[in-house]
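Participant: From the sequence below, what's the structure:
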Amino acid sequence: MINETIKKRLVKDRPMTSITLRVPADLINDLKEMAPELGFSGYQPLIRSYVSEGVRRDEEKLKFSPAKRLAEALKAKGVDAELVEAALRESTEPMSMAS
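Facilitator: Take a look at the predicted model:
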């Protein structure tokens, strides 16, 4: 699974989608100034880099965490998928306060 995901991201000409995002004008000005200093051709590639970096960081925590990898390994070994998912949910829920 990880290898296929990485392979898809390495494709140079991936399809793009246009979005509208409202941000403060001064932030755009800052990005325009910073982009060339950081080696970007403009502020939009810099924004894509920032968004991608944040998504990858969170994806690492959510999809590829040791708990998720353990859950996938347990399922592959024949442990009931519903049981594994229930345990995974319980392990990520906040602990209740004991009275």
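Participant: Sort out which residues of stretch 77-88 are buried, please.
Facilitator: Val84 (16 or more other CB atoms under 10 Å). (Glycine included, C-beta is placed from N, CA and C.)
Participant: pLDDT on it, on average?
Facilitator: Stretch 77-88 carries an average pLDDT of 91.
Participant: ok, residues contacting that stretch?
Facilitator: By CB atoms under 8 Å, 6 or more residues apart in numbering, the residues outside stretch 77-88 that reach it are Ala67, Lys68, Ala71, Leu74, Lys75.
Participant: how about those residues in a markdown table, adding secondary structure and distance to Val55?
Facilitator: Below are these laid out as a markdown table (DSSP: H, G, I helix; E, B strand; the rest coil; distance: CB to CB, whole Å):
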| residue | secondary structure | distance to Val55 |
| --- | --- | --- |
| Ala67 | helix | 20 |
| Lys68 | helix | 16 |
| Ala71 | helix | 21 |
| Leu74 | helix | 27 |
| Lys75 | helix | 25 |
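Participant: List the contacts of Leu21.
Facilitator: When the contact criterion is CB under 8 Å, 6+ apart, Leu21 has no partners at all.
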